[in-house]
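Student: sequence-free structure coming up:
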Ligand SMILES: O=C(O)[C@]1(O)C[C@H](CCCOc2ccccc2)[C@@H](O)[C@H](O)C1
């Protein structure tokens, strides 16, 4: 069975408890449950992880080599800062789907640039947590 990874970056563990006006009331656990339901519909295995530590994120990205067929990532703030994560996803050379809950292009200017979007198969932002479902559906369509 094919395997998809969903990796989540810093502070996403706070979803649902802070800034609901920006990120809504859904928790990361709710997002995971949505992703697991979607993966079951698509008949794929799912690995769903979150970290606040950039090195752990890089280790997980490297882990996908030989284990996964595509990678869905919400890099959170590292989207806008991390060449290291860009280099890691480039090295594993899997189809990459970048997801953001919010429309980053309607927010502060510093959120308008991503170090990942130009190396991603696709980018989805602004559709809330459903963006994770859409990304998984697109990833599965490539398998
Ligand atoms: O819209 C997204 O999904 C983001 O990746 C979320 C990141 C922030 C994740 C932190 O989420 C929080 C949730 C509750 C309270 C504080 C932060 C932000 O830095 C990106 O620009 C866009």
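Tutor: Nice, thanks for sending it over. Given the structure is predicted, the values throughout are model-derived calculations rather than measurements.
Student: the ligand contacts on this protein?
Tutor: Neighbours of the ligand within the chain, by Cβ under 6 Å from any ligand atom: 11-12, 14-15, 18-19, 23, 74, 76-77, 79, 100-102, 104, 111. No exception for glycine: its C-beta is placed from N, CA and C like everyone else's.
Student: cutoff 8 Å now
Tutor: Listed as neighbours of the ligand in the chain under the rule Cβ under 8 Å from any ligand atom: 9-12, 14-19, 22-23, 74-77, 79-80, 99-104, 107, 111, 125, 131.
Student: and the residues you listed, which are buried?
Tutor: The neighbour-count criterion (16 or more other Cβ atoms under 10 Å) marks 9-10, 12, 15-16, 23, 74-76, 79-80, 99-102, 104, 111, 125, 131 among the residues of the chain next to the ligand as buried.
Student: among the residues you listed, which lie within helices?
Tutor: In helices, judged by DSSP state H, the following of these are found: 23, 131.
Student: looks to me like residue 5 is in a helix.
Tutor: No: counting by DSSP: H, G, I helix; E, B strand; the rest coil, one finds residue 5 to be strand, located in no helix.
Student: these two touch, right, it and residue 71?
Tutor: Yes: judged on Cβ atoms under 8 Å, residue 5 makes contact with residue 71 at a distance of 5.0 Å.
Student: so which residue is dead centre in the chain?
Tutor: The centroid of the chain falls nearest to residue 73 when counting by Cα atoms, centre = their mean (1.9 Å).
Student: mind listing the residues bridging to that residue?
Tutor: residue 7, residue 98 (DSSP bridges).
Student: what ranges does the chain have for its strands?
Tutor: Along the chain, counting by DSSP state E, strands occupy 3-8, 45-50, 70-74, 96-100, 122-125.
Student: is it true that residue 88 touches residue 64?
Tutor: No: if you go by Cβ under 8 Å, residue 88 and residue 64 don't touch, sitting 9.4 Å apart.
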